[in-house]
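task: produce atomic coordinates for the following.
(one chain, ligands or ions: 1)
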Amino acid sequence: MKYRELLKEGMEELKKAGITDAQIDAEYLLEYVSGMNRASYLMCMMEQAPEDVIERYREFIKMRAAHEPLQYITGEQEFMGLSFAVSPEVLIPRQDTESLVEETLSVLKDGDLILDMCTGSGCILISLLHEKKTCQGIGVDVAATSIALARENAVHNQVEAEWLVSDLFTEVKGEFDVIVSNPPYIATRDLEELMPEVICHEPKRALDGHEDGLYFYRKIIEQAPLYLKPGGRLLFEIGYDQGESVPDLLAQAGFCDIAVIKDYAGNDRVVRARLHDL
Ligand code: GLN
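Presented below is the predicted three-dimensional model:
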C-alpha cells in the first residue's frame with residue numbers, strides 16, 4: 001500500500017467518525033508514525049509504506065476515530081514553546097493557559113518562590129522557571145501520577161523544581177511570593193456539554209469544579225493568605241464567565257489590586273490579586 005492510499009484511508013475513517021479536522025489529523029498522524037517531516041513525507045507519497053507503519057497508523061486512526069485527543073495518541077503537547085509529555089492522567093496544556101503564564105511572568109521578581117497549585121503536567125511552573133532562572137518553585141497535585149509526569153517534564157525541559165503530592169495545601173509548608181493555579185473550574189452540570197475529546201478522555205478530576213465551578217477557588221483563596229508572604233501575589237486561570245465571581249471571592253477574602261485579564265480570544269481568562277502588606 002502506498003503512503004498516498006494509506007493517508008486517504010485514514011482521512012475517510014476520521015471523516016466517517018465525524019472528526020472535524022479529519023484531513024489535518026490524518027496527515028499529522030502519518031507524519032508522526034512515519035517519523036518524517038512534512039517535506040520528506042510529501043515526496044514519498046507514491047512509495048510503498050512499510051508494514052509496521054501501516055499497522056501503527058491504522059491503530060492510531062482507530063484511536064482518533066474514537067475521539068481520543070491527538071495529544072494522548074502522540075503523548076506530547078507544545079506549551080510556551082516547550083514540549084510536554086502528556087497522558088490521560090493529566091489535562092492537556094491549553095493555549096489559553098499561556099495567558100496565565102504571561103501574566104505571572106509580568107509580576108515575578110528575581111528570586112521569587114512560586115507555588116503552582118493543581119500542577120497536572122507541570123506546564124505552568126516549568127514554563128515560569130524556564131523563563132525566570134533565578135526563581136524557585138513547588139508544583140503540587142493531588143495525583144501521584146501527575147506529579148511523576150510533571151517531574152519527567154521538568155527534567156526534559158532542564159528545569160529544577162520541587163514536586164509534591166498534596167490535596168491542595170495539606171502537605172505544603174512555607175511562604176511563597178507567588179501562588180499560581182489553573183484549578184478545575186467547570187460546574188459539574190456543564191461537564192456533559194464538553195466535546196467528547198475532553199469529557200470522554202481527559203481526567204474528570206482536572207475539570208470538575210463541583211456544583212458551581214468555584215469549589216477550588218474558594219478553597220485556595222481561603223487558605224492562600226497562610227502561605228503567601230505579605231504583599232504576595234495570587235493568580236488564577238478562570239473560565240470565560242467567572243470574571244466577576246472569582247474577583248468577588250478575592251475581595252471578600254481581603255485581597256487587593258484585583259485585576260481581570262483577557263486571553264487572545266478576548267475572553268476573561270486570568271485573575272490577579274495581591275495580599276495586603278503588613
Ligand atoms: N496546571 C495544569 C494545566 O494548566 C493542570 C490544570 C488542571 O488539571 N486543572 O494544564
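
so A17 touches A65, yeah?
Yes: using Cβ atoms under 8 Å as the test, A17 is close enough to A65 to be in contact (3.8 Å). Quick note: C-beta positions are derived from backbone N, CA and C, even for glycine.

who has more neighbours out of those two?
A count of neighbours by other Cβ atoms under 10 Å puts A65 above the other of A17 and A65, at 18 against 14.

tell me what the helix or strand harbouring R272 is packed against?
Element membership for R272, per DSSP states H and E: strand 268-274. When contacts are defined as 3 or more Cβ pairs under 8 Å, 6 or more residues apart in numbering; DSSP states H and E, strand 268-274 packs onto helix 96-107, strand 228-237, helix 245-252, strand 256-262.

what's the angle between the third one and strand 268-274?
So the one you mean is helix 245-252. 10 degrees (axes from the mean of the first three to the mean of the last three Cα atoms, to 10 degrees).

got the angle for helix 245-252 vs strand 228-237?
170 degrees.

list the strands paired with the strand holding R272, with their directions.
Using DSSP bridges, strand 268-274 pairs in its sheet with strand 228-237 (antiparallel), strand 256-262 (antiparallel).

what's that strand in contact with?
Outside strand 268-274, the residues that touch it by Cβ atoms under 8 Å, 6 or more residues apart in numbering are 96, 99-100, 103, 107, 231-238, 240-243, 246-247, 250, 255-263.

same check on stretch 4-24?
Residues beyond stretch 4-24 that count as contacts (Cβ under 8 Å, 6+ apart) turn out to be 25-27, 29-30, 45-46, 49, 53-54, 57-58, 61-62, 64-67.

show me what counts as buried in the lowest-mean-pLDDT helix or strand in the chain.
Every helix and strand in the chain was compared by mean pLDDT, DSSP states H and E; the lowest is helix 38-43, with a mean of 82. Going by neighbour count (16 or more other Cβ atoms under 10 Å), the buried part of helix 38-43 is Y41.

please apply the same query to stretch 1-10.
Neighbour-count burial for stretch 1-10 [16+ other Cβ under 10 Å]: 3, 6-7, 9-10.

in the stretch 1-150 of the chain, what residue spans correspond to helices?
3-16, 22-34, 38-43, 51-65, 70-74, 96-107, 123-131, 144-156 (DSSP state H, counting those that start in this stretch).
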